[in-house]
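# Structure, please.
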Amino acid sequence: MFHIRKKADSTKARTGNLETGHGDIETPIFMPVGTLGTVKAVNQDDLSDRIKAQIILGNTYHLYLRPGNEIMNASGGLHKFIGWNKPILTDSGGYQIFSLSDIRNLSEQGATFQSHIDGSRHLFTPENVVDTQRILGSDIMMILDECPPWPSEYEYVKNSMELTHRWTKRGRVRFLNTEPLYGHSQQQFGIVQGGTFKDLRKESSEYICSLDFEGIAIGGLSVGEPAELMYEITDFNTDFLPEEKPRYLMGVGTPGNLLQCVALGIDMFDCVMPTRNARNGMLFTRSGIINIRNAKWKHHHEFLDPEFPSEICQRYYMSYIHHLFRNNEILGLELASKHNLTFYLWLMEQIRLKIMDDTFHTWYKSMIVQVESRI
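Model prediction:
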């Protein structure tokens, strides 16, 4: 169940509360990506208690291949397997199959692909992807879809969308005809496709919404198109999604992307950027973006931002973090990953507060400039 708490003036931004089998989620929210059952370089206590993540992601494709359904079922599902008692969303694996374009084949039946681990062949169907996510026990499961690349010709995107629709109907039927395995409720989100073609986006939105999913995702964006085009399509797409359902923009993005897309009516986000970029030395801050590997930080014997609640800001000099990265010390990856996730979750909290006190529309554009600047 999703409840809208407040809508912002002058934008489509809104705050809400999404109830799940493992607790409520305050929206707008960013979901750290834990593809293999772990958010890289961050333990579960830090995620929950210090970073204050409300929900994390797992990936059906990767968890199906390893450790596999048998082990997952025997362990009692993903929550127990990884020791996490808050909500989990699982992606269907559609995006991973999209990225394996050289070793997969799509048909009416589903997606046949070769494992990136050992080359073995597997088939994902709309039905068995639901079955696998029942075994995972995620609070929110995604439908199997095809994510077309950008740019693609109109006819390709149209045919892809129609295949996704047929798969979606079968996956929804399977969900409605099966039950959770571990005593907590599960929800299923549909995925709108259509590339950057507005007539297809409208058609896909209307079809996906007709199947009465618990939430709606916008897929097929953040796949290489310019940011302004992503914003244009997101703005258009949210006009055709029901007010009373949570809206999830998949795979997005930078802090500036989050701010802009909240203003366009999005409630939920995920992206590997905060942790992946952290491992490469990029830190997101309230004043802008830092590359900690740059020589300018070698003699910077000061804290980054003493008022910000992360270890990098309150405990360690920038010169020390620079030293860790220059020497490939694992601690540097851990501290940077925790810092970036803390920043992303802090930013979402600020967004919720600004919407609640009616200042979001006067704040977010200047905040975009601030967080996207380079230091």
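# all contacts plus neighbour counts: C-alpha atoms, from now on.
Noted.
# quick one: buried residues of stretch 64-76?
Across stretch 64-76, burial judged by 16 or more other Cα atoms under 10 Å covers 64-65, 68-69, 72-73.
# any idea how far that stretch is from the chain center?
Relative to its chain's centre, stretch 64-76 lies at 23 Å (Cα atoms, centre = their mean, to the nearest Å).
# can you check stretch 62-69 too?
Centroid separation for stretch 62-69 versus its chain: 20 Å, with Cα atoms, centre = their mean.
# Please give the element, helix or strand, for Ser160.
Element membership of Ser160 [criterion: DSSP states H and E] is helix 154-176.
# Which neighbouring elements make contact with that helix?
On a contact count with 3 or more Cα pairs under 8 Å, 6 or more residues apart in numbering; DSSP states H and E, helix 154-176 meets helix 126-136, strand 187-192, helix 198-210.
# Name the strands paired with the second one and say parallel or antiparallel.
Okay, so that is strand 187-192. As defined by DSSP bridges, the strand partners of strand 187-192 come to strand 140-142 (parallel), strand 215-218 (parallel).
# can you list these in a markdown table and add mean neighbour count and distance to Gly94?
What follows is the strands paired with strand 187-192, written out as a markdown table (neighbours: other Cα atoms under 10 Å; distance: least, Cα to Cα, whole Å):
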| stretch | mean neighbour count | distance to Gly94 |
| --- | --- | --- |
| strand 140-142 | 25 | 9 |
| strand 215-218 | 25 | 13 |
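# could I get those as CSV with distance to Lys338 and mean pLDDT?
Shown next, in CSV, are the strands paired with strand 187-192 (distance: least, Cα to Cα, whole Å; pLDDT from 0 to 100):
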stretch, distance to Lys338, mean pLDDT
strand 140-142, 24, 98
strand 215-218, 27, 98
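# Strands along the stretch 251-375 of the chain, start to end?
268-270, 282-285, 288-291 (DSSP state E, counting those that start in this stretch).
# Distance to Glu127 for these - can I get that in TSV?
TSV is the format used below for the strands of the stretch 251-375 of the chain (distance: least, Cα to Cα, whole Å):
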stretch	distance to Glu127
strand 268-270	25
strand 282-285	40
strand 288-291	43
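# so who does Pro226 touch?
When the contact criterion is Cα atoms under 8 Å, 6 or more residues apart in numbering, Pro226 has no partners at all.
# and the gap between it and Ile321?
Distance, Pro226 to Ile321, using Cα to Cα, to the nearest Å: 33 Å.
# for Ile55, same thing?
For Ile55, the distance to Ile321 - Cα to Cα - is 28 Å.
# How about Asp49?
To Ile321, Asp49 is 23 Å away according to Cα to Cα.
# which one of those two has more residues nearby?
Neighbours per residue (other Cα atoms under 10 Å) separate Asp49 from Ile321, with Ile321 holding more: 22 against 10.
# out of everything not next to it in sequence, what's closest to the more buried one?
Gly332 (6.1 Å; Cα to Cα, 6 or more residues apart in numbering).
# Looking at the one you found now. What's its pLDDT?
For Gly332, the pLDDT comes out at 98.
# thought it was touching Phe325?
Yes - contact criterion Cα atoms under 8 Å: Gly332 and Phe325 qualify, at 5.7 Å.
# Compare neighbour counts for those two and give me the winner.
A count of neighbours by other Cα under 10 Å puts Gly332 above the other of Gly332 and Phe325, at 25 against 20.
# ok, that one to Ile51 distance?
Remark: distance between Gly332 and Ile51 (Cα to Cα) = 17 Å.
# Same check on Ile29?
13 Å.
# next one: Val42
10 Å.
# Overlap of the contact sets of those two?
Lys338.
# Neighbour count: the two, which is higher?
When Val42 is set against Ile51 and neighbours are counted by other Cα under 10 Å, the residue ahead is Ile51, at 22 against 19.
# Identify the residues contacting the more buried one.
Counted by Cα under 8 Å, 6+ apart, Ile51 has contacts 338, 341-342, 345.
# If you rank those by neighbours, which is first?
Going by other Cα under 10 Å, Leu341 tops these with 28 neighbours.
# ok, now which ones touch it?
32, 51, 274-275.
# and which of the residues you listed is nearest Ser204?
Checking the contacts of Leu341 against Ser204 by Cα to Cα gives Pro32 as the nearest, at 27.3 Å.
# Leaving out the residues flanking it, which one is nearest to that closest one?
Counting by Cα to Cα, 6+ apart, Ile56 is the residue found nearest to Pro32 once chain neighbours are left out, at 5.1 Å.
# phi, psi of that neighbour?
Per-residue torsions, Ile56: phi -130, psi 170 (degrees, to the nearest 10).
# Same question for Leu181.
With angles defined as degrees, to the nearest 10, Leu181 sits at phi -100, psi -20.
# farthest residue from the center of the chain?
Most distant from the centre of the chain: His299, at 36.4 Å, with distances by Cα atoms, centre = their mean.
# Please name the residues that touch that one.
Per Cα under 8 Å, 6+ apart, neighbours of His299: Ser319.
# Beta-bridge partners for the residue nearest to Pro32, please?
The partner residues for Ile56, given DSSP bridges, come to Ile88.
# Next one: it relative to Ile216, how far apart?
For Ile56 relative to Ile216 (Cα to Cα), the value is 18 Å.
# Repeat that for Ile29.
From Ile29 to Ile216 the distance is 15 Å (Cα to Cα).
# closest to Thr285 out of the helices and strands packed on helix 154-176?
Using Cα to Cα, the nearest of the helices and strands packed on helix 154-176 to Thr285 is strand 187-192, at 31.8 Å.
# quick one, that closest one and helix 154-176 angle?
170 degrees (axes from the mean of the first three to the mean of the last three Cα atoms, to 10 degrees).
# what would the contacts of Ile51 look like in TSV with distance to Arg279 and pLDDT?
Listed next are the contacts of Ile51 as TSV, based on distance: Cα to Cα, whole Å; pLDDT from 0 to 100:
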residue	distance to Arg279	pLDDT
Lys338	10	98
Leu341	12	98
Thr342	15	98
Leu345	18	98
